[in-house]
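Engineer: test case, fold it:
(one chain, ligands or ions: 1)
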Amino acid sequence: MGSIQPPQRILVTGANGFIGAHCVANLLSDGFQVVGTVRNEDKAQKVAKQHSFNPALSLSIVPDVTDPHAFDIAIQGCNGVLHLASPFGYTYTDFEKELLIPSINGTRSICNAASKTPSVQRVVITSSFAAVFDASAGPSPDRVYTEKDWSPLTYDMGKNGTATPVAYRASKVLAEKTAWDFLEQEKPHWDLVTLCPGMVFGPLFPGTIDKLKDLNTSNGLVWGLFDADNIPETKAPLWTSITALARAHTLALTTKKAGNERFLVLSGEFDNQELADIIHASTSIPPAIKVRVPVGEKGGRHKEKSFTADSSKVAEVLDLDLKRRDKSLEETVVALVQQLLALEQETL
Ligand code: NDP
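Structural biologist: Next up, the predicted model:
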């Protein structure tokens, strides 16, 4: 495949989401034309406004990603695809209907649409570290996850399990496998890149949400410390900066040698106690606000180091130095908290 460059046209599914909005902004600022998909007209208007009615951005309404022809119109004339539209939350009750089917069938729909579109050169799927992590291994202090690792979760485990995080992780691994299987079986004219970020933190692109109740799941973890009784256990201790992740999506399209590669996109480790410590140590958050966050055991970290991961491939292949160009966890969390506190004030 040749490399994709501006002003070529990129389809971004889930353009109204937390990560999708940043990806659209990153592509537009690089000079790409962007077609964003959303589920209804209200969301289309909101996204257009969010990007100041940039003429390089058009919106297409795709009400149901599980329709096998869902993306057939939106993808026409596109050279690359970022597929982000997929459910991420921990409040679902019907795991098959709400998580597995949209995630897996949505991935199949985008692969099918790309195969019917000669102009498409590359499809980038936003997978997750959830598709890599093996919870059944238990605490594994010496384990270093790499791109070769896969979650062992099956469809039945996701459908019939009792915990939503397990069903979410199953939805991500099975969706990513759907894309790789499609590539192997159908041998399409496009190539594939999958990105596996950790828990993504950082300020929302302005205009993404109007109310805190619509806050995305990963940033909700930080906001969930406010007015909490205590600091929750850290379940997924790897984080990714939204700024770096949006850039990684653009580079996944433009870097020729990234074709048919999988990437762990991780900024580092974190601990919920660390998030609380950052808030309490910040000089830009007023003391009257800080008291809403439990102090916990200052400086305490999860006792048994669960695992680490190696995301050096991002630097080697995408030429993105996550440590050097990223904002730190401190800067990321404080900027996010300030934005969320302002939103809370506005909507009181
Ligand atoms: P958001 O909830 O902010 O965005 C999700 C996007 O997917 C929205 O556009 C949403 O549309 C769409 N979507 C959700 N459910 C469906 C569905 N059933 N059918 C069609 N579209 C749907 O989440 P993020 O931006 O955080 O997530 C974007 C992608 O990144 C997802 O694939 C997620 O799994 C992945 N990811 C996220 C991480 C994180 O920490 N945030 C970590 C790793 C991966 P609508 O607004 O209409 O619901």
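Engineer: read off the pLDDT value for L245.
Structural biologist: The model reports L245 with a pLDDT of 97.
Engineer: 5 is where my numbering starts, stick with that
Structural biologist: Happy to do that; since the first residue is 5 now, the last one works out to L249.
Engineer: so what's the closest residue to it other than its chain neighbours bridging to?
Structural biologist: Of all residues not flanking L249 in the chain, P201 sits nearest, at 5.3 Å (CB to CB, 6 or more residues apart in numbering). Heads up, the C-betas are built off the backbone N, CA and C, glycines and all. Beta bridges link P201 to V269, judged by DSSP bridges.
Engineer: P201 contacts A135, doesn't it?
Structural biologist: No: if you go by CB atoms under 8 Å, P201 and A135 don't touch, sitting 10.5 Å apart.
Engineer: neighbour count: these two, which is higher?
Structural biologist: P201 (27 against 23; other CB atoms under 10 Å).
Engineer: separation between I213 and N20?
Structural biologist: As defined by CB to CB, to the nearest Å, I213 lies at a distance of 9 Å from N20.
Engineer: show me which residues of the stretch 5-154 of the chain are close to the ligand?
Structural biologist: 18, 20-24, 43, 47, 69, 88-92, 106, 130, 132 (CB under 6 Å from any ligand atom).
Engineer: these, buried ones only, as a ChimeraX selection?
Structural biologist: Buried members of those, defined by 16 or more other CB atoms under 10 Å, are picked up in ChimeraX with:
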select :18,20,21,22,23,24,47,69,88,89,90,91,92,106,130,132
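Engineer: does N276 touch N234 like I think?
Structural biologist: No: with contact defined as CB under 8 Å, N276 does not count as touching N234 (9.8 Å).
Engineer: all strands in this protein, in order from the N-terminus.
Structural biologist: For the chain, the strands defined by DSSP state E cover 13-17, 37-42, 61-65, 84-87, 126-130, 148-149, 195-201, 203-205, 242-245, 265-269, 272-273, 312-313.
Engineer: make JSON lines out of those and add mean pLDDT and distance to E102.
Structural biologist: Output for these, formatted as JSON lines (pLDDT from 0 to 100; distance: least, CB to CB, whole Å):
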{"stretch": "strand 13-17", "mean pLDDT": "98", "distance to E102": "18"}
{"stretch": "strand 37-42", "mean pLDDT": "98", "distance to E102": "18"}
{"stretch": "strand 61-65", "mean pLDDT": "98", "distance to E102": "21"}
{"stretch": "strand 84-87", "mean pLDDT": "98", "distance to E102": "18"}
{"stretch": "strand 126-130", "mean pLDDT": "98", "distance to E102": "18"}
{"stretch": "strand 148-149", "mean pLDDT": "96", "distance to E102": "27"}
{"stretch": "strand 195-201", "mean pLDDT": "98", "distance to E102": "22"}
{"stretch": "strand 203-205", "mean pLDDT": "98", "distance to E102": "20"}
{"stretch": "strand 242-245", "mean pLDDT": "96", "distance to E102": "24"}
{"stretch": "strand 265-269", "mean pLDDT": "98", "distance to E102": "26"}
{"stretch": "strand 272-273", "mean pLDDT": "92", "distance to E102": "30"}
{"stretch": "strand 312-313", "mean pLDDT": "92", "distance to E102": "28"}
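Engineer: can you tell which of these is closest to R305?
Structural biologist: For these, proximity to R305 was assessed by CB to CB; strand 272-273 is nearest, at 9.0 Å.
Engineer: partner strands of the closest one, with direction?
Structural biologist: Determined by DSSP bridges, the sheet partners of strand 272-273 are strand 242-245 (antiparallel).
Engineer: may I see the buried residues of the strand it pairs with?
Structural biologist: Neighbour-count burial for strand 242-245 flags 242-245 (criterion: 16+ other CB under 10 Å).
Engineer: next: stretch 78-96.
Structural biologist: Buried, per 16+ other CB under 10 Å, within stretch 78-96: 78-80, 82-92, 96.
Engineer: before we move on, what about stretch 66-77?
Structural biologist: For stretch 66-77, burial by neighbour count (16+ other CB under 10 Å) applies to 66, 69, 74-75.
Engineer: which one of the residues you listed is nearest the ligand?
Structural biologist: Set against the ligand, the nearest of those by CB to the nearest ligand atom is V69 (4.3 Å).
Engineer: is it true that D231 touches P298?
Structural biologist: No: look at D231 against P298 with CB under 8 Å: they stay out of range, at 9.3 Å.
Engineer: G272 contacts W243, doesn't it?
Structural biologist: Yes: using CB under 8 Å, G272 is in contact with W243, at 6.4 Å.
Engineer: overlap in contacts, those two.
Structural biologist: Common neighbours of G272 and W243, using CB atoms under 8 Å, 6 or more residues apart in numbering, are L333.
Engineer: burial of K239, as a residue count?
Structural biologist: The number of residues packed near K239 is 13, by other CB under 10 Å.
Engineer: the residue of the chain found nearest the ligand and F57, how far apart?
Structural biologist: Going by CB to the nearest ligand atom, the ligand is nearest to G21 of the chain, at 2.3 Å. Note on G21: its distance to F57, by CB to CB, is 20 Å.
Engineer: and L219, what does it touch?
Structural biologist: L219 makes contact with 208, 213, 227, 344, according to CB under 8 Å, 6+ apart.
Engineer: could you rerun that using 10 Å?
Structural biologist: Residues in contact with L219 (CB atoms under 10 Å, 6 or more residues apart in numbering) are 22, 208, 212-213, 225-228, 340, 344, 347.
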